[in-house]
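Student: Sequence below, structure please.
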Amino acid sequence: MDVRDQLKKLIDINPLSQNEIAKKLGFSSGYISKFINKKQEIAFWMVYELICFLDSENEEVLMKNFIDIIKRNENIRASLEYSHSKNYRELTNMLIQRCFLVGNQENEEWGFIYQWQLESKKMVYYDEESYLKNLKELTPKTLEMKTLLMILEMYCHFFKKRYELAAYYVRNINELILQIQDPFISKSFKCRLNEASAYIFLKKENDISNARKIADELINENLGPNYLITGYFVKGLSFFLESYELASYCFEKVIEISKKIQRTSTFEETCEQLGLLQIFWGKPLNTERKSCFIKALANLKKIDQFKSESKYVPLILLFEGKRKKDKEKLLLAMHYFYVQKDNFRASIPKYLLEKQGIRFIESEGGEYV
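Tutor: You can find the predicted model right below:
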């Protein structure tokens with residue numbers, strides 16, 4: 001199908017006029033006419049907004065058809081960010097090769113960085129020093145690329161749980177995003193920031209309200225499966241103590257999406273989170289994949305084999321403490337979660353202790369019982 005002919009048909013059958021559609025989307029009707037009449041290639045973001053408004057169900061097919069005919073360098077670069085966000089790996093590879101063929105230095109820079117992003121996703125372990133060194137050695141030629149490189153630096157600090165430093169980067173990058181003129185790229189870069197911000201609010205600040213707000217933004221923008229996974233996972237975790245139904249619904253969504261795009265580690269981790277939720281709320285253990293740890297934790301049998309793994313230690317203490325109403329184990333669980341820089345999960349044993357009558361008094365140097 002020709003995307004321009006298809007858009008022309010969709011506009012003809014829409015209850016709004018072409019002028020009304022253009023006004024609603026924030027640009028001139030003349031741009032639509034030039035594009036659908038095959039007179040001019042218009043900005044990527046305009047076509048994206050037009051397709052999402054007229055036929056969001058067929059967005060993938062229509063956008064891929066549009067990307068197939070683009071010639072403007074700035075549209076090739078915007079297409080790379082779109083394809084990367086949507087997890088279209090074959091399309092991303094094709095666009096990277098186009099960047100290297102056109103003889104444009106800015107395009108070559110984008111091709112190199114997106115190729116590097118694809119390769120870094122495949123790596124189980126990377127050397128942080130060389131990762132940051134490689135980024136620092138690059139001299140971005142555009143504001144968009146300068147912003148993207150800072151986002152990649154921020155991710156590095158975030159994944160190392162340096163949340164204060166990651167939050168500092170987020171604040172600075174937000175100021176740069178305000179200067180980016182391309183609405184699609186600024187929106188997509190904002191989603192990249194929100195991926196980190198949602199976790200920072202939940203894990204570092206234990207700020208459930210802001211974490212959910214950002215998670216909802218990621219879900220509503222629907223810019224790609226990875227953003228949806230983050231949105232639903234953060235939202236599901238935030239409801240762990242409040243609502244089994246809402247938390248389990250969100251975790252099921254993450255399982256469904258990660259299975260579809262073959263993010264195996266996320267699929268397995270979320271199945272485990274759903275199992276933890278079901279055990280905590282006393283529900284039947286019903287997940288698509290039951291890990292050995294979840295099976296052992298469900299009845300606290302053969303659990304000692306997992307006590308050497310640091311990620312499981314606070315969980316074992318939490319569930320043993322909950323079942324036996326053991327204050328000491330709950331306090332230890334809380335301590336270990338704090339050590340892991342997970343203030344939200346630390347609030348779970350704290351909540352159980354408060355139910356047993358323990359009072360936590362705030363002091364300048366921190367909490368004490």
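Student: Which parts of this protein are strands?
Tutor: With DSSP state E, the ranges of strands along the chain come out as 361-363, 366-368.
Student: Kindly report which one of those carries the lowest mean pLDDT.
Tutor: Note on the strands of the chain: strand 366-368 shows the lowest mean pLDDT, a mean of 60.
Student: which stretches of the stretch 1-150 of the chain have low pLDDT?
Tutor: For the stretch 1-150 of the chain, residues meeting the criterion pLDDT under 70 lie at 121-130.
Student: With the stretch 251-369 of the chain instead?
Tutor: Along the stretch 251-369 of the chain, the parts satisfying pLDDT under 70 run over 363-369.
Student: again, only using 80
Tutor: Applying pLDDT under 80 to the stretch 251-369 of the chain picks out residues 287-288, 362-369.
Student: what about the helices in the stretch 1-150 of the chain?
Tutor: Secondary structure of the stretch 1-150 of the chain (DSSP state H, counting those that start in this stretch): helices at 3-13, 18-25, 29-36, 44-55, 59-69, 73-86, 89-101, 105-122, 128-137, 143-159.
Student: Deepest-packed of those, please.
Tutor: Here the criterion is mean neighbour count by mean count of other C-beta atoms under 10 Å, and of the helices of the stretch 1-150 of the chain the winner is helix 73-86, at a mean of 23. Any C-beta I mention is one placed from the backbone N, CA and C, and that applies to glycine too.
Student: Provide the contact partners of that helix at residue level.
Tutor: By C-beta atoms under 8 Å, 6 or more residues apart in numbering, the residues outside helix 73-86 that reach it are 41, 43-45, 48, 60, 63, 67, 70, 91-92, 95-96, 98-99, 102, 104, 106-107, 110-111, 114, 117, 144, 182, 184-185, 188-189, 191, 223-227.
Student: Could you count how many residues lie near residue 301?
Tutor: 9 (other C-beta atoms under 10 Å).
Student: Same question for residue 321.
Tutor: The number of residues near residue 321, taken as other C-beta under 10 Å, comes to 22.
Student: Enumerate every residue touching it.
Tutor: Taking C-beta under 8 Å, 6+ apart, one finds 327, 328, 329, 330, 332, 333, 349, 352 in contact with residue 321.
Student: Apply 6 Å and report the result again.
Tutor: 329, 330, 333 (C-beta atoms under 6 Å, 6 or more residues apart in numbering).
Student: could those go into a markdown table alongside neighbour count and distance to residue 362?
Tutor: As requested, the contacts of residue 321 are exported to a markdown table (neighbours: other C-beta atoms under 10 Å; distance: C-beta to C-beta, whole Å):
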| residue | neighbour count | distance to residue 362 |
| --- | --- | --- |
| 329 | 20 | 23 |
| 330 | 24 | 19 |
| 333 | 28 | 20 |
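Student: Return the member of those residues nearest to residue 171.
Tutor: Using C-beta to C-beta, residue 333 comes nearest to residue 171 of these, at 32.5 Å.
Student: Distance check, the closest one against residue 291.
Tutor: Relative to residue 291, residue 333 is positioned 19 Å away (C-beta to C-beta, to the nearest Å).
Student: Residue 260 too?
Tutor: Taking C-beta to C-beta, one finds residue 260 at 21 Å from residue 291.
Student: Who has more neighbours out of those two?
Tutor: residue 291 (14 against 11).
Student: which residues touch the more buried one?
Tutor: residue 272.
Student: Quick check: closest non-adjacent residue to the most centrally placed residue in the chain.
Tutor: Residue closest to the mean C-alpha point of the chain, counted by C-alpha atoms, centre = their mean, is residue 227 at 3.3 Å. Using C-beta to C-beta, 6 or more residues apart in numbering and skipping residues adjacent in sequence, the residue nearest residue 227 is residue 218, 4.6 Å away.
Student: and the one you found, how many neighbours?
Tutor: There are 26 residues near residue 218, going by other C-beta under 10 Å.
Student: doesn't residue 194 make contact with it?
Tutor: Yes: between residue 218 and residue 194 a contact is recorded at 5.4 Å, counting by C-beta atoms under 6 Å.
Student: Identify the contacts common to these two.
Tutor: Common neighbours of residue 218 and residue 194 (C-beta under 6 Å, 6+ apart) do not exist.
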